[in-house]
Structure formats: C-alpha cells, structure tokens
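> No sequence on hand, only this structure:
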C-alpha cells in the first residue's frame, strides 16, 4: 500500500489491502481500507475505489464497522470501467480515495498482479504477445499480410521445404529452419500437402489445410473429404510443406 494523504486535517488511510494479490478473469475481489480522521469518523464523507492513472471510479466503499470500509468487485466490472491490458504478471494499480466534509482527501494505492492463463492481457482477454498476430509484442500491434507474430515481432511467413509425413511434425520441420510453425498462418493454412514428393517439389496441386503444428505424423483421412480430420497427412508416400516464420 502507498498512502498519498499528506494533510494533517484530512482523512488518513492507515491500511488498504485486498483479499487476493492477483487479478484474473472470472474472479471476484474485495478491498478493505482502514481510515481515521483527526476530527472523528463523522468527518469522513465516504470513499471510492478508482483506477490509478485515469481516475475512473470503480465503486464506492461502504462503512462496515468503525473506521473500516470495504468494497467488492470483479475482473469484469473493473474492465467495464477501465479496459484491462498489460503484460503477463504485470501490475494493475487501484486507488482508494476518501473525502471529508471540508473537501480534503487522502488516497492510497495497491498493485495487483495480472494473471490471465499465464499470458498477456488485451481488452480484458488473455492473449499471447509472443504469437498473437493482432497483438504482437503489445496490445493492438497487428502483423500485416504475409507476416505472422514470432517472439513478439512480426516476421514474414513462408512454407518449409518438402518432407514426408512420417519424418516429422510441422513444429519440428520449422524448428530445423530456426523458425516456428505458425498455426493457420499461411492464407488460413498450417500446411500444404501433396499426393507425392515429386508433386511437392514441383508445387503441383497442393491442398491447403488448417491444423495444429504438433500433430502426429499420420492420421486417417476423413471419409467424406479425404482430408486429414485434424491436420496431417494420410499416407507416407505423400508430402507436406508447413507454414513457418
């Protein structure tokens, strides 16, 4: 807690804490402030919970006993007032502000650690700044056409050299190039597959398909489409190129 009240005739916040140290989606959180006043508690008009920096008011404190004031809220309510964004394990700072009858005030701040599935936060949702092409390296940074987010930077994407499906996964194929596989990053596809290796080398009639980067080497084909149901090759004589960045 950081107390910024300096006026000797103003309210004094002696303690400000929350019932949890982290802030995460779906979670409720309660704040408690202990407040006193040189002229007595009757001089205190009330207090509000605010976002430190913008001054936006989240909610009003309620006096529960003596100089103890509490307020409860949630990630969703806080986000509705001031959009929550920040890096993984970054701090989100709230402020308790109390006023007296003469208009004097005191405030105290409290840092909460953002926890969003272990990744970053943009617009109140969990995103991965290292891989998210619409929030690459930070909220709102969009990678343009022909590029994807790799290690928090927009980088060109392209297809790997041809290989047979029983040799490796797309993640491994891109890794051999010192790159990473970009799921659905090449015109909506993770890989292009071909009837045989010669066709792959000649770039003849590729089938573009979405899927995960680390799938098994081979899976049975879908009976209706003839394509891999969740993303890889159907027979070892076929060949594939993967989307890498």
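Cool, got the structure. None of the values given here were measured: they were computed from a predicted structure.
> only C-alpha atoms for contact and neighbour calcs from this point on.
Noted.
> which regions of this protein lie under the pLDDT threshold?
Counting by pLDDT under 70, the ranges of the chain that qualify are 1-7, 204-205, 215-236.
> Okay, domains of it per the record?
2-118, 157-245 (automatic domain parsing).
> tell me the contacts of the spatially closest residue to residue 164 that is not a sequence neighbour?
Sequence neighbours aside, residue 239 is the residue nearest to residue 164 in space, at 4.5 Å (criterion: C-alpha to C-alpha, 6 or more residues apart in numbering). Contact analysis of residue 239 by C-alpha atoms under 8 Å, 6 or more residues apart in numbering lists 162, 163, 164, 165, 193, 194, 195, 196, 197, 200, 233.
> hang on, residue 51 packs against residue 58?
Yes - using C-alpha atoms under 8 Å, residue 51 makes contact with residue 58 at a distance of 7.1 Å.
> Which one's more surrounded, those two?
Here residue 51 and residue 58 are set side by side on neighbour count (other C-alpha atoms under 10 Å), and the busier one is residue 58, at 22 against 19.
> Against residue 97, how distant is the more buried one?
Per C-alpha to C-alpha, to the nearest Å, residue 58 is found 11 Å from residue 97.
> If you drop the residues flanking it in sequence, what lies closest to residue 100?
Counting by C-alpha to C-alpha, 6+ apart, the residue nearest residue 100 is residue 44, at 4.2 Å.
> Could I get the contacting residues of the one you found?
Neighbours of residue 44 in contact, by C-alpha under 8 Å, 6+ apart: 11, 37, 98, 99, 100, 101.
> swap in residue 137?
For residue 137, the contacting residues are 129, 130, 151, 152, 153, by C-alpha under 8 Å, 6+ apart.
> Please report which of those has the highest neighbour count.
Using other C-alpha under 10 Å as the neighbour criterion, residue 129 leads the contacts of residue 137 with 27 neighbours.
> tally of neighbours for the closest residue to residue 157 other than its chain neighbours?
Using C-alpha to C-alpha, 6+ apart and skipping the chain neighbours, the partner closest in space to residue 157 is residue 245 (4.5 Å). Residue 245: 26 surrounding residues under other C-alpha under 10 Å.
> Can you classify the residue lying farthest from the centre of the chain by secondary structure?
Centroid-distance maximum for the chain: residue 39 at 46.2 Å, with C-alpha atoms, centre = their mean. What DSSP: H, G, I helix; E, B strand; the rest coil gives for residue 39 is coil.
> Tell me which of the contacts of residue 239 fall in helices.
Of the positions in these, 197, 200 sit in helices, assigned by DSSP state H.
> Can I get the contacts of residue 239 in a markdown table including distance to residue 120 and neighbour count?
Listed next are those as a markdown table, based on distance: C-alpha to C-alpha, whole Å; neighbours: other C-alpha atoms under 10 Å:
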| residue | distance to residue 120 | neighbour count |
| --- | --- | --- |
| 162 | 35 | 22 |
| 163 | 35 | 21 |
| 164 | 36 | 22 |
| 165 | 34 | 23 |
| 193 | 34 | 28 |
| 194 | 37 | 24 |
| 195 | 41 | 19 |
| 196 | 42 | 18 |
| 197 | 41 | 19 |
| 200 | 38 | 22 |
| 233 | 34 | 28 |
